[in-house]
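> need a structure here:
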Amino acid sequence: MPVRKRLAAIAALASGGAAVAVAAIEAVRNFPRGAIVLACVAAALWMAVYAITGRGARRAGGLALATVLLGAAIAVLVGREPLAVLFVVAAAALSVACARAAFRVRVELPRAQRPRRPVLFYNPRSGGGKAARFDLPETARARDIKPVELKPGDDLEELVRGEVAAGADALAMAGGDGSQAIVAAIAAETGLPYACIPAGTRNHFALDLGVDRNDVVGALDALVDGGERVVDLAEVNGRVFVNNVSLGLYATAVQRSGYREAKIRTLLDTVPDLAAHDANGAHLKWQGPDGAKHGSGVVMLVSNNRYRLGSAIGSGTRPRLDAEELGIAVFDGPTADVRRGLQEWTAPSLRVDAGDGNPVPAGIDGEAVRLEPPLRFAVHPHALRVRIARGHPGASPSALRPPDAGPAVVALLRIAFGRG
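Next up is the predicted model:
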């Protein structure tokens, strides 16, 4: 067990314990104030929900009142013991940061044979021009990797299939996750190794694969002396995706003009429209893990393997990409108790119908599309051979992180005592 991991685990336990102890002492010493704080926070959340489901004066008034209530809660909380509050916040933040360091994973992947004719496809416009900033074409040539630029008007699938027909024996993509999905699908279909180069904006697929998103150039070494792992892909109505398909609120919002210029405002404006649309029977319908029929139109996320949601460590990432399952998460509607409105489960396949039978707005790996119902989702187990540079983690940031606080404390204790 590396000394730095043990020290990080000890620091996480010590700082977290200190935060809990001081918070408990202050709660006992100042009992009435705690009840006032909870009441203000609950009322603020209720007003926020009321606001986002309306427009105009209702929204403005609700948000203003929610802000006032939250301000009152903070004032009551900090008023008499500001140093204690600051200590608790700082200690809790330090505990989370140290826990992340303790659970950080680096996997030694099996070394793979170097390809003879690897090809890199790159979008010079992705990620604010990362390909040009890091001079990817020249750095690829220096590694005997052929660079192919995706120009405006080009069909990426045609470019890739053309290179495969010409003898390419490994494929890499430097661009957004939508482009990654196209290249990954062809690599899986042809049995060729694939490398994800994090030259997009968010690079979610790269993160969960274990590619260092801050090392764009180093990611090219995946096709030089990289290791190999095999992961799943997923599809909806025959279209492959590497991350997820969103339905409902987000998917409807991204269809609207002006979304990229004013994302938050567009999302808020979508809520009342979607609620009214859903009330008229146009909601999504599916069969839940209990076998019963369900329906909703607020938020639905179907992912290539399950996301970890709502935890302090690793939230928004997928611990595994080879579990042979779809991750399904449904948020039934705005409520002060978010967890009660959230359903999560896994399945190898899923069918989603639309109440009105019209095309369903969807966001596939962040790209706005409309899909004809029914929507048929499926996972393709162990479909894609992925090459990853040997200097990169090789696994998701949440691969070894326990899902809840109790198991996390136990795991930190094991690390602190050198037991892994």
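> got the residue ranges for the helices in the stretch 301-420 of the chain?
With DSSP state H, counting those that start in this stretch as the definition, the stretch 301-420 of the chain shows helices at residue ranges 405-416.
> before we move on, what about the stretch 101-250 of the chain?
For the stretch 101-250 of the chain, the helices identified by DSSP H, counting those that start in this stretch occupy 130-133, 136-142, 156-165, 177-190, 204-209, 222-225, 249-254, in order along the chain.
> now do the buried residues in stretch 132-152.
Of the residues in stretch 132-152, those scored as buried under the neighbour-count criterion (16 or more other CB atoms under 10 Å) are F134, L136, P137, T139, A140, I145, K146, P147, V148, L150. Where you see a C-beta, it was placed from the backbone N, CA and C, and this is true even at glycine.
> that older thread, mind checking which of the helices of the stretch 101-250 of the chain is nearest L413?
helix 204-209 (27.3 Å; CB to CB).
> helices or strands up against the closest one?
Packed against helix 204-209, as judged by 3 or more CB pairs under 8 Å, 6 or more residues apart in numbering; DSSP states H and E, are the following elements: helix 177-190, strand 194-197.
> point out the most buried one among the ones you listed.
Per residue and on average, the most neighbours among the helices and strands packed on helix 204-209 fall to strand 194-197, with a mean of 30 (mean count of other CB atoms under 10 Å).
> what about that strand, distance to the chain center?
For strand 194-197, the distance from its own C-alpha centre to the chain's C-alpha centre is 18 Å (CA atoms, centre = their mean, to the nearest Å).
> equivalent analysis for stretch 9-24, please.
Stretch 9-24 has its C-alpha centroid displaced from the chain centroid by 28 Å (CA atoms, centre = their mean).
> state the mean pLDDT of that stretch.
For stretch 9-24, the mean pLDDT works out to 86.
> need the residues that contact it.
When contacts are defined by CB atoms under 8 Å, 6 or more residues apart in numbering, stretch 9-24 is touched by residues 84, 87-88, 91-92, 94-96, 98-99, 101-102, 409, 412-413, 415-416.
> buried subset of these?
84, 87-88, 91-92, 94-95, 98-99, 102, 409, 412, 415-416.
> between those residues, which is closest to S349?
A99 (35.4 Å).
> if we go by neighbour counts, what in stretch 123-134 is buried?
Judged by neighbour count using 16+ other CB under 10 Å, the buried positions of stretch 123-134 are N123, P124, S126, G127, K130, A131, F134.
> and if you look at stretch 368-381?
A368, V369, L371, P373, L375, F377, A378, V379, H380.
> which residues touch A411?
When contacts are counted by CB under 8 Å, 6+ apart, A411 is found next to F103, L400, P402.
> list just the nearest of those to P110.
L400 (19.2 Å).
> how far away is the closest one from R229?
15 Å (CB to CB, to the nearest Å).
> cool, and G327?
Using CB to CB, one gets 19 Å for the distance from G327 to R229.
> got it, and F103?
Taking CB to CB as the measure, F103 and R229 are separated by 19 Å.
> do I388 as well
To R229, I388 is 7 Å away according to CB to CB.
> so in the chain, where's the weakest helix or strand by average pLDDT?
Within the chain, judged by mean pLDDT, DSSP states H and E, the helix or strand with the poorest mean is helix 263-277; its value is a mean of 45.
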